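**Student:** Build me a model:
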Amino acid sequence: MNASPVHPGAIRVGISGWRYPPWRGTFYPDDLPQRRELEYASRHFSTIEINGSFYSLQRPEFYARWRDETPDGFLFSVKAPRYITHMLRLRDCDTALANFFASGIANLGAKLGPILWQLPPTFRFDLALLDDFLSKLPRDTDAASAFARRRSEKVKGRARLVYGECRPLRHALEIRHETFVDERFVELLRRHRVALVVADTAGRWPLVEDLTADFVYARLHGDEVLYVSGYGDVALDAWAKRFIAWSEGGAPEDARCISRTPGEPCAGRDVFCYFDNDAKVMAPRDAQAITRMLHDAGANVRLPDAMNEDAANEGLGNAARTPIADPHSAGARRTR
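**Tutor:** Residues are numbered from 1 along each chain as shown. Just a heads-up that it's a prediction; the model follows:
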């Protein structure tokens with residue numbers, strides 16, 4: 001790893017989604033009302049990935065409620081609609097994009113973090129198509145507001161067009177087909193300043209770590225079994241070291257890259273990591289464990305409220321992992 005710079009990027013670790021029946025009585029207390037699950041989870045993680053937006057357009061009042069239920073300094077990432085990525089497959093999608101940016105994400109305000117675009121496993125690399133699509137994505141909230149005004153009748157009457165003070169927008173792209181292992185793809189992402197998602201899928205889809213933007217977006221779907229297996233201490237320690245290297249503007253010496261050309265030098269990159277191995281309720285446990293590891297290593301990790309209280313009252317290093325049971329029910333299947 002490189003020597004620590006003066007201002008390393010911030011590392012945020014969280015979970016993908018927050019409403020899973022098997023988590024009740026394991027991660028969530030038995031007596032916690034379901035309506036308070038986000039409030040509880042946002043005190044235990046510094047970021048959460050909204051994935052309901054992947055299945056259908058959410059409403060402005062939902063985003064406003066989620067904003068109000070979470071503490072200051074918290075960030076959401078938003079998973080973009082599968083209608084755009086899986087059904088339209090990025091073609092003829094201007095109206096769908098406008099509807100998404102009008103659907104209410106503006107109500108997240110300063111808590112709006114990166115937008116995740118996940119391509120389906122059957123989507124092959126198409127340079128011209130991707131170039132056209134990425135060129136349409138708004139790079140700040142003023143541009144998103146202007147795009148949202150092109151919405152269709154579908155969302156009129158239930159739209160939020162005003163984003164408030166202009167802030168940068170970040171985009172991340174997750175790929176699931178081996179044809180993307182192409183240096184032209186990396187060059188394209190760098191030109192558009194879109195992060196290539198570091199996706200650990202237990203070997204099912206490409207795991208690549210090229211640096212293509214001023215931040216890193218990682219999704220950990222399972223160490224050995226997709227969506228199911230947890231990460232042991234050795235695996236978590238290895239990922240923690242990668243997060244630190246990225247946050248310090250460097251890269252792991254054994255980075256798995258497509259391009260032979262490194263990314264542009266950067267004083268520090270923000271790192272967003274989401275655990276998506278929820279089938280056996282491993283995600284909350286692993287996210288909390290790696291956050292403690294990062295803190296103990298002196299990394300610039302954003303601690304959630306609950307861990308800040310632990311650090312103040314008892315010392316974070318002495319805080320035990322939240323005990324997570326391994327119920328027989330793995331919950332409903334979903335597309336991730």
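**Student:** For the helix or strand harbouring Asp237, which residues meet the burial criterion?
**Tutor:** With elements taken from DSSP states H and E, the one containing Asp237 is helix 233-247. In terms of neighbour count (16 or more other C-beta atoms under 10 Å), helix 233-247 has its buried residues at Ala235, Leu236, Trp239, Ala240, Lys241, Arg242, Phe243, Ile244, Ala245, Trp246, Ser247. Just so you know, the C-beta spots here come from the backbone N, C-alpha and C atoms, and that holds for glycine as well.
**Student:** Now do it, average pLDDT.
**Tutor:** The pLDDT scores in helix 233-247 average 97.
**Student:** I'd like the buried residues of helix 233-247 as TSV, with distance to Tyr217 appended.
**Tutor:** Putting those into TSV (distance: C-beta to C-beta, whole Å) gives the following:
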residue	distance to Tyr217
Ala235	19
Leu236	18
Trp239	14
Ala240	16
Lys241	18
Arg242	13
Phe243	11
Ile244	16
Ala245	15
Trp246	10
Ser247	13
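**Student:** which two of those lie the greatest distance from each other?
**Tutor:** When the buried residues of helix 233-247 are compared pair by pair using C-beta to C-beta, the farthest-apart members prove to be Ala235 and Ser247, with a separation of 18.8 Å.
**Student:** what residues are up against the closest residue to Asp142 other than its chain neighbours?
**Tutor:** Setting aside the residues directly before and after it, Asp142 is nearest to Cys166 in space (C-beta to C-beta, 6 or more residues apart in numbering), at 4.6 Å. Contacts for Cys166 were tallied using C-beta atoms under 8 Å, 6 or more residues apart in numbering; they are Asp140, Thr141, Asp142.
**Student:** Just give me the neighbour total for the second one.
**Tutor:** Applying other C-beta atoms under 10 Å, we find 22 residues neighbouring Thr141.
**Student:** Likewise for Ala41?
**Tutor:** Counted with other C-beta under 10 Å, residues neighbouring Ala41 total 24.
**Student:** okay, now the nearest residue to Asp278 once chain neighbours are set aside: neighbour count?
**Tutor:** Leaving aside its sequence neighbours, Asp278 sits nearest to Tyr20 (C-beta to C-beta, 6+ apart; 5.6 Å). A count of neighbours around Tyr20, defined by other C-beta under 10 Å, yields 21.
**Student:** Correct me if wrong: Tyr20 contacts Asn277.
**Tutor:** No - in this structure, Tyr20 is not within contact of Asn277 by C-beta atoms under 8 Å, at 11.5 Å.
**Student:** Next up, the contacts around Leu169.
**Tutor:** Leu169 touches Leu112, Ile115, Leu137, Pro138, Arg139, Asp140, Thr141, Ala143, Ala144, counting by C-beta under 8 Å, 6+ apart.
**Student:** between the residues you listed, which is closest to Asp182?
**Tutor:** Proximity to Asp182 was ranked across these by C-beta to C-beta; first place goes to Leu137, at 20.5 Å.
**Student:** these two touch, right, that closest one and His171?
**Tutor:** Yes - under the criterion of C-beta under 8 Å, Leu137 makes contact with His171 at 5.3 Å.
**Student:** returning to what we had before: can you tell me the SS state at the residue nearest to Asp142?
**Tutor:** The assignment at Cys166 comes out as coil when based on DSSP: H, G, I helix; E, B strand; the rest coil.
**Student:** pLDDT score for it?
**Tutor:** The confidence metric pLDDT takes the value 98 at Cys166.
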